[in-house]
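J.: fold the following for me, if possible:
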Amino acid sequence: MNNTIAMKRFEMVVGVEQLEQLMELLNRCKVTGYTVLKNIGGLGSRGVRNPDDVILEEENVMVVLACKEEQAQKVVNELKPALKGLGGMCLISECLWLEGLAIS
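T.: A predicted model of the protein is given here:
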């Protein structure tokens, strides 16, 4: 696969009420691209979050981003001390970016 670039993929799930704080953190790290998926459900430290529950007022969001190693380390350095206050979770994995699209 010679048309790919090695990257780190972040998948972060937080309550919608922490989204602005997470976006500010990513801005401090000079992250220029990410995707926000709203109304995410599942089971975690705050119990079950059912996105189909119309009474549910506290929804979860997922933020997904991919960046090169140097940028990823900046994100980790900022995110690690903030994660306890943000709640939720963060997964980091290796991925490949298909060349042809602009890298964030």
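
J.: dump the top strand by length along the chain to PDB, restricted to CA.
T.: When the chain is parsed with DSSP state E, its longest strand is strand 4-15. Written as PDB, here are the backbone C-alpha positions of strand 4-15 (Å, rounded to 0.1, in the frame of the first residue of the first chain):
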ATOM      1  CA  THR A   4      -1.000   5.500   2.400                       C
ATOM      2  CA  ILE A   5       0.500   7.400   5.400                       C
ATOM      3  CA  ALA A   6       0.800   5.900   8.800                       C
ATOM      4  CA  MET A   7      -1.400   7.800  11.300                       C
ATOM      5  CA  LYS A   8      -2.900   7.500  14.800                       C
ATOM      6  CA  ARG A   9      -6.600   7.300  15.100                       C
ATOM      7  CA  PHE A  10      -8.400   8.800  18.200                       C
ATOM      8  CA  GLU A  11     -11.900   7.800  19.100                       C
ATOM      9  CA  MET A  12     -13.100   9.800  22.100                       C
ATOM     10  CA  VAL A  13     -16.600   9.400  23.700                       C
ATOM     11  CA  VAL A  14     -17.700  12.100  26.100                       C
ATOM     12  CA  GLY A  15     -21.000  13.500  27.300                       C
END
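
J.: how far out from the middle of the chain is it?
T.: Here strand 4-15 is found 6 Å from its chain centre; the criterion is C-alpha atoms, centre = their mean, to the nearest Å.

J.: so which bits of it are buried?
T.: Neighbour-count burial for strand 4-15, counted by 16 or more other C-beta atoms under 10 Å, picks out 7-10, 12-15. Yep, even glycine has a C-beta here, placed from its N, CA and C like the rest.

J.: Cys95: which of those residues is nearest?
T.: Nearest to Cys95 out of these is Arg9 (C-beta to C-beta; 4.1 Å).

J.: who's in contact with the closest one?
T.: 64-66, 92-95 (C-beta atoms under 8 Å, 6 or more residues apart in numbering).

J.: rewinding a little: columns distance to Asn27 and pLDDT on top of the buried residues of strand 4-15, output as CSV?
T.: Output for the buried residues of strand 4-15, formatted as CSV (distance: C-beta to C-beta, whole Å; pLDDT from 0 to 100):
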residue, distance to Asn27, pLDDT
Met7, 19, 96
Lys8, 18, 97
Arg9, 19, 98
Phe10, 14, 98
Met12, 14, 96
Val13, 19, 94
Val14, 15, 92
Gly15, 19, 88
